[in-house]
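Q: Next one to model:
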Amino acid sequence: MAGEQRPAHRPSRFSGLGFRSVNGMAAILVLVLIVLPMLALLIQAFWPNVFTITPNWHFSLAGFASIFGTPYTFRAVFDSFGLAIFTALTATIIGGGVAFLLEWVAIPGQGLFNGILWLVLLAPSFLIGDGWQFLIGPSGVFGTSALGHLLLSPLGVSMVLALKLFPYATVAMSGPLRGIGQDLFYAARLSGASSFRAFRRVVLPLLIPAAAAGALIVLAEVLSDYGVASTLAQSANFPLMTYSIYAAMSIFPVDFAQAAAMSVILVALVSISQWVERRVVAKRGYVTRVAGSKSLAKQPTRHPWLWVLLLSLLFVVALLLPASGIVLESVEKSLTGLQGGFHVTFAYYRGLLHANYALGGLVRSLLYAVGAASIGLAAGIVVSIAWWRQGGWLVSVLKALMTTTIAIPGIVLGAGYIFFWNQPFFSNLGLNVYGTPVVLMLGYLGGSLPYAVRVASGSMVQIPPNAVFAARLSGVGLTRIIRKVFIPMMRDTWFRVWLIIFAGVVFELPVSQLLYPPGGPTLAVSIAHQTVNNANVQIGAALTVVSSLVISLIVMAFLVIQRRGQRMPAVEQAQAGSPGL
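A: Residues are numbered from 1 along each chain as shown. This is a model prediction of the structure:
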């Protein structure tokens, strides 16, 4: 175009790379971290002899046949799906009730309850399972034969998962409850309907899509969960698909075909549930607010403290009881519970200094978490910028991959990394990364990248394209644009991304259990070794308490730093730095 201003010069070296280069970098990251491992898993499922010493492309369904021909794995498939359906219904009922109390009813302490809700959501499921076993299991502090039998049953496993996952349903329904306009509700009231009838006939129908979405999210989470499957369900002799994959990878000789086939079935079930959830949300035609109307104010109640008591009891059962089980087990002298006389000792905390699978795992996990969060943040920035560009077939493919790969369970991703990186041609190329900390770090990055991009992409749309376009017209290189525009304007988002990856990696179990290098167990592997393998249950409980306190202090310190940094808004920092472009 005539009069169009072009950059006077293009900075040299990396700073001059354009946004197309970002697309290429993003594609390479997604290809190496996610696509190739999943492709190797898919090949292993249908062409099981490709990766053998004498490879061939003979198509075979032997892995699937072994699943449905073996009672244990056949039962695992149907147990997993049945457990997911029952738990999703239970968690949706609980989560809907909590959303109603937090968003509809005016009760004291709602901010506190919202904070506790997120603590329940973020707590690792395998620690919740361990906590319940320590508390009321057969050898727990308050364990009896009746309580132990109830806990170690399909109903007990389902209730533990429902109490862990109901916040997903709460979050899914809280937004629609807040968005209901007052005109709809008051119109029903003016027509003579009571508050209860107006709620039942107006509000509840509007919540159907949100409730269905919440239930499907919980269903996918139950199918993907490995923590409870490897602790509580395994102790209950209740086989689930995620643990069956680990079992197939742990036997000798390793049944690669069955593990790959089970992984394909699991990913298919999770993907279908997430696809249905997206369809439910996309087809939602339930208008909740008339144009110009305000949100409905929270309704007063005659007995606010009764609802506060009910919420408190729920969160005590969901979080405080399993946490107290871990603490009590860590100071119990012997595994006899109250029946044999509870004797307090701190010897197991001192034993952490000398025990195998103890503090070394905590230190290694902290180092892995810092490295994965830092590298994952850089990778997330690259992929998010490619996502932000909004154009081209490559960007469309990246968006589809980032959306679908969230459905990949951690145990499946770990299996894919084994199939991909444990190949002879990598050794021939001198890339001997399998069985080293490198492949474990790659596994952490592959599992964290989709979440990092999804979190960042919601904030990226707020960056004005004109600011980036003006900088490019001025001849500014991409790295400087990232440093002066993208990072300052999204400082809080990048901080959240880093913290999310850090907190997720520290207690990560399925990928760690499959990929940790010999002699270098992570924190989650160390806890599982002490508790699930019964090496020393009290040592495992003490390690859980110490590591939880250390990580909580680290997270709180970072949150304090972030809050202090918010004194100068991120946009003002970007504007302050703009003359230096």
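Q: Can you name the residues in contact with stretch 227-236?
A: Counting by C-beta atoms under 8 Å, 6 or more residues apart in numbering, the neighbours of stretch 227-236 from elsewhere in the structure are 124-130, 132-133, 137, 151-154, 156-157, 160-161, 164, 239-243, 246, 509-510, 513, 528, 531-532. Every C-beta, even on glycine, is put in place using the N, C-alpha and C of the backbone.
Q: Now, those residues that are in helices?
A: Of the positions in the contacts of stretch 227-236, 125-130, 132-133, 151, 154, 156-157, 160-161, 164, 241-243, 246, 510, 513, 528, 531 sit in helices, assigned by DSSP state H.
Q: mind listing the strands for the stretch 401-550 of the chain?
A: Along the stretch 401-550 of the chain, no segments are classed as strands by DSSP state E, counting those that start in this stretch.
Q: Now the buried members of the ones in helices among the contacts of stretch 227-236.
A: The neighbour count (16 or more other C-beta atoms under 10 Å) marks 125-130, 132-133, 151, 156-157, 160-161, 164, 241-243, 246, 510, 513, 528, 531 as buried among those.
Q: Find the centremost residue of this structure, please.
A: By C-alpha atoms, centre = their mean, the mean C-alpha position of the chain lies nearest to residue 504, the distance being 7.1 Å.
Q: Skipping adjacent residues, who's closest to that residue in space?
A: When the adjacent residues along the chain are set aside, residue 504 lies closest to residue 448, with 6.3 Å between them (C-beta to C-beta, 6 or more residues apart in numbering).
Q: what does residue 276 give?
A: Spatial nearest neighbour of residue 276, chain neighbours left out: residue 216 (5.7 Å); criterion: C-beta to C-beta, 6+ apart.
Q: Who are the contact partners of the one you found?
A: Residue 216 sits next to 88, 273, 274, 276, 277, 280 when contact means C-beta under 8 Å, 6+ apart.
Q: so how far is residue 383 from it?
A: With distances defined as C-beta to C-beta, to the nearest Å, the gap from residue 216 to residue 383 amounts to 26 Å.
Q: same question, residue 72
A: Applying C-beta to C-beta, the value for residue 72 to residue 383 is 39 Å.
Q: One more: residue 268?
A: When C-beta to C-beta is the yardstick, residue 268 and residue 383 sit 25 Å from each other.
Q: Same check on residue 399?
A: Remark: distance between residue 399 and residue 383 (C-beta to C-beta) = 10 Å.
Q: And for residue 81, the neighbour number?
A: Residue 81 has 18 neighbouring residues, counting by other C-beta atoms under 10 Å.
Q: which element is it on?
A: Taking DSSP states H and E as the criterion, residue 81 maps to helix 71-103.
Q: Count the residues that sit near residue 259.
A: Taking other C-beta under 10 Å as the neighbour definition, residue 259 ends up with a count of 29.
Q: Please name the nearest non-neighbouring residue to it.
A: Nearest in space to residue 259, with sequence neighbours left out and distances taken as C-beta to C-beta, 6+ apart, is residue 248 at 3.8 Å.
Q: and after the helix or strand hosting that neighbour, which helix or strand comes next?
A: Here residue 248 is covered by helix 241-250, with elements defined by DSSP H and E. On the C-terminal side of helix 241-250, the closest following helix or strand by DSSP H and E is helix 256-282.
Q: In contact with residue 79: list those residues for me.
A: Contact criterion C-beta under 8 Å, 6+ apart gives 154, 238, 239, 240 as the residues in contact with residue 79.
Q: residues touching the third one, list them.
A: Contact criterion C-beta under 8 Å, 6+ apart gives 72, 73, 75, 76, 79, 233 as the residues in contact with residue 239.
Q: where does it land on pLDDT?
A: Model confidence at residue 239, expressed as pLDDT, equals 91.
Q: And for the one 10 residues further on?
A: Per-residue confidence (pLDDT) for residue 249: 86.
Q: Could you do residue 120 as well?
A: Reported pLDDT for residue 120: 88.
Q: Doesn't it lie inside a helix?
A: Yes. When the secondary structure is assigned by DSSP: H, G, I helix; E, B strand; the rest coil, residue 120 falls within a helix.
Q: Kindly format the C-alpha coordinates of stretch 369-386 as PDB.
A: Taking Å, rounded to 0.1, in the frame of the first residue of the first chain, the C-alpha atoms of stretch 369-386 are listed here in PDB:
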ATOM      1  CA  ALA A 369       9.500 -28.300  39.900                       C
ATOM      2  CA  VAL A 370      11.600 -25.100  39.700                       C
ATOM      3  CA  GLY A 371      13.100 -26.300  36.400                       C
ATOM      4  CA  ALA A 372       9.900 -27.500  34.900                       C
ATOM      5  CA  ALA A 373       8.000 -24.300  35.900                       C
ATOM      6  CA  SER A 374      10.700 -22.000  34.500                       C
ATOM      7  CA  ILE A 375      11.200 -24.000  31.200                       C
ATOM      8  CA  GLY A 376       7.400 -24.600  31.000                       C
ATOM      9  CA  LEU A 377       6.800 -20.900  31.400                       C
ATOM     10  CA  ALA A 378       9.100 -20.100  28.500                       C
ATOM     11  CA  ALA A 379       7.500 -22.800  26.400                       C
ATOM     12  CA  GLY A 380       4.000 -21.600  27.400                       C
ATOM     13  CA  ILE A 381       4.900 -18.000  26.300                       C
ATOM     14  CA  VAL A 382       6.000 -19.200  22.900                       C
ATOM     15  CA  VAL A 383       2.900 -21.400  22.300                       C
ATOM     16  CA  SER A 384       0.600 -18.700  23.700                       C
ATOM     17  CA  ILE A 385       2.000 -16.100  21.300                       C
ATOM     18  CA  ALA A 386       1.400 -18.500  18.400                       C
END
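Q: What are the buried residues along it?
A: Of all the residues in stretch 369-386, those buried under the rule 16+ other C-beta under 10 Å are 369-373, 375-377, 379-386.
Q: out of those residues, who's nearest residue 466?
A: Distance to residue 466 across those (C-beta to C-beta) is lowest for residue 385, with 16.1 Å.
Q: If we ignore the residues flanking it in sequence, what's nearest that closest one?
A: Of all residues apart from its sequence neighbours, residue 22 sits closest to residue 385 (C-beta to C-beta, 6+ apart), at 5.2 Å.
Q: quick one: contacts for that neighbour?
A: When contacts are counted by C-beta under 8 Å, 6+ apart, residue 22 touches 382, 385, 386, 389, 478.
Q: Where is pLDDT lowest across these?
A: In this model, the minimum pLDDT among the contacts of residue 22 belongs to residue 389 (63).
Q: Can you mark which positions in stretch 89-102 are buried?
A: Neighbour-count burial for stretch 89-102 flags 90, 91, 92, 94, 95, 96, 97, 98, 99, 100, 101, 102 (criterion: 16+ other C-beta under 10 Å).
Q: tell me the two of those that are most distant?
A: With distance counted by C-beta to C-beta, no two of those lie farther apart than 90 and 102, which are 18.8 Å apart.
Q: follow-up on the earlier one: please convert the contacts of residue 79 to CSV, extending it with distance to residue 407.
A: Compiled in CSV, these are given as follows (distance: C-beta to C-beta, whole Å):
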residue, distance to residue 407
154, 24
238, 23
239, 22
240, 17
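Q: quick one, phi/psi of residue 344?
A: Summarising the backbone geometry of residue 344 under the convention degrees, to the nearest 10, its torsions are phi -90, psi 140.
Q: my read: it touches residue 331, true?
A: Yes. Judged on C-beta atoms under 8 Å, residue 344 makes contact with residue 331 at a distance of 5.0 Å.
Q: When the two are compared, which one has more neighbours?
A: Legend: neighbour count by other C-beta under 10 Å for residue 344 and residue 331, higher for residue 331 (19 against 8).
Q: Just list the residues touching the more buried one, thanks.
A: Listed by C-beta under 8 Å, 6+ apart, the contact set of residue 331 reads 344, 345, 346, 348.
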